[in-house]
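Undergrad: Sequence and predicted structure below; questions after.
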Amino acid sequence: ELKGEESQGDSLVLLLDALSILAMQRGMQEMLADYDCYRAFERLDLQARATKRLASSQKLAILRINASVAMHPSFRLSWVAKSSNNGKPNDPTFVYPVRDAFTHQLERLMSDSENMSP
């Protein structure tokens, strides 16, 4: 039986792993982008860094989800663009997640790779 914070951490890992599996489907990638999952996970990461509670398994699950969403054709190819956060349909400048922020997150995780081993 799991108790307290350990139970919450395991529940979060289970939820994030389930989301990363679901994020392999195009419809789910679109829904996660519509709900701005990248910013939600960013807030979770900031809160966890303040309390030092986000485990490497949680960080890796979040990375899998964001990478899956970023692979959606309409979020990476301008000629397939379908929407944007400014409400204009077929905006060829729209990419999700924002590449600069996502690249920075990947670089930070790679520089901290010794702490990311499972």
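TA: That came through, no problem. Numbers count the residues shown, from 1 in each chain.
Undergrad: could you point out which element follows the helix or strand that contains L16?
TA: With elements taken from DSSP states H and E, the one containing L16 is helix 4-22. Going down the chain from helix 4-22, the next helix or strand is helix 26-34, by DSSP H and E.
Undergrad: Check which residues of that following helix are buried.
TA: For helix 26-34, burial by neighbour count (16 or more other Cβ atoms under 10 Å) applies to M28, Q29, E30, L32, A33. C-betas here are computed from N, CA, C, even on glycine.
Undergrad: How about the first one: what's its closest non-neighbour residue?
TA: I take that to be M28. The shortest distance from M28 to any non-neighbouring residue, by Cβ to Cβ, 6 or more residues apart in numbering, is to L22 (4.6 Å).
Undergrad: What is the burial count for that neighbour?
TA: Counted with other Cβ atoms under 10 Å, residues neighbouring L22 total 15.
Undergrad: And for S11?
TA: Burial of S11 is recorded as 11 neighbouring residues (other Cβ under 10 Å).
Undergrad: ok, it to H72 distance?
TA: 27 Å (Cβ to Cβ, to the nearest Å).
Undergrad: Same check on R49?
TA: Applying Cβ to Cβ, the value for R49 to H72 is 28 Å.
Undergrad: For this protein, just list every one of the helices.
TA: Taking DSSP state H, the helices of the chain run over residues 4-22, 26-34, 37-51, 56-70, 73-76, 99-111.
Undergrad: For those helices, which has the smallest mean pLDDT value?
TA: Mean pLDDT values for the helices of the chain show the minimum at helix 73-76, a mean of 70.
Undergrad: So what's the residue count around S56?
TA: 14.
Undergrad: Kind regards, and thank you for your time.
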